[in-house]
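# predicted coordinates and the sequence they were generated for:
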Amino acid sequence: MSDSNYSKEKFEEGMSDFASQNYVRSIEHLSEAIKIDPDFSLALKSRGAAFLRLDKFQDAISDFTKVVEMDPENARAFHLRGLAFEKFGENDKALDDFNRAIALNPSYGAAYHSRAILHTKMGHTDMATEDIQMVAQLTEINIEAFSNDNNVWRSQQLRLESMYNDNITMER
């Protein structure tokens, strides 16, 4: 098996363990994937998330920092690192990362939500209210988009069923 395939296999095992909330095993598998491919940013970000779940904030921050160094446009890595900084008590750094995540992806609702919680903690109630309003707005937009996508699919399905039924009728 090639190194690339082995790394991907270890990543998949790590993600399976993560989904099963077995974060220790997840970290073991993801660490193997990273050992083989140190530039595997998704494995680093995932391992950081597992560290975060285990309250190993410094390890999580380290992994997320490596990801943002590799990919400075990775909004999710900034958001996750912000969560780790917040849990570690570094509120200013957390706020900087939440702001960066939102600047990179203005429709990233989870980052607004995290920033609202942090603003509340920091006593910035007006800013927290603005962020919660943005979360509500983004949620509404996402629900509307989902409904529209579902309606398009449904319309196409009905059209196909109609064509199928027309063909059956013509064959008779």
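Structure's in. What do you need? Numbering: from 1, shown residues only.
# the helix or strand hosting residue 9 - what's its average pLDDT?
Residue 9 belongs to helix 3-19 when assigned by DSSP states H and E. Averaging pLDDT along helix 3-19 gives 92.
# list the buried residues of whichever helix or strand comes after that helix.
Later in the chain than helix 3-19, the nearest helix or strand by DSSP H and E is helix 23-36. Buried residues in helix 23-36, counting neighbours by 16 or more other C-beta atoms under 10 Å, are found at 23, 26-34, 36. Heads up, the C-betas are built off the backbone N, CA and C, glycines and all.
# what helices or strands is the helix holding residue 9 leaning on?
helix 23-36, helix 41-53 (3 or more C-beta pairs under 8 Å, 6 or more residues apart in numbering; DSSP states H and E).
# outside of that helix, which residues touch it?
1, 23, 25-30, 32-33, 36-37, 40, 42-43, 46-47, 49-50 (C-beta atoms under 8 Å, 6 or more residues apart in numbering).
# centre-most residue in this protein?
By C-alpha atoms, centre = their mean, the chain has its centre lying nearest to residue 76, at 5.5 Å.
# give me the contacts around the one helix or strand residue 115 maps to.
For residue 115, the host element (DSSP H and E) is helix 109-121. Helix 109-121 is contacted from outside by 75, 78-79, 82-83, 86, 91, 94-95, 98-99, 101-102, 105, 125, 127-129, 131-132, 134-135, 138-139, 142, using C-beta under 8 Å, 6+ apart.
# output that helix as CSV, nothing but the C-alphas.
What follows is helix 109-121, C-alpha atoms only, in CSV (Å, rounded to 0.1, in the frame of the first residue of the first chain):
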residue,chain,number,x,y,z
GLY,A,109,-23.1,31.1,11.0
ALA,A,110,-21.2,29.0,13.6
ALA,A,111,-18.5,31.6,13.8
TYR,A,112,-21.1,34.4,14.4
HIS,A,113,-22.7,32.1,17.1
SER,A,114,-19.3,31.6,18.8
ARG,A,115,-18.5,35.2,18.7
ALA,A,116,-21.9,36.1,20.2
ILE,A,117,-21.3,33.8,23.1
LEU,A,118,-17.8,35.3,23.6
HIS,A,119,-19.2,38.9,23.3
THR,A,120,-21.8,38.0,26.0
LYS,A,121,-19.0,36.6,28.2
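# in that helix, which residues are buried?
Neighbour counts over helix 109-121 (16+ other C-beta under 10 Å) mark 109-119 as buried.
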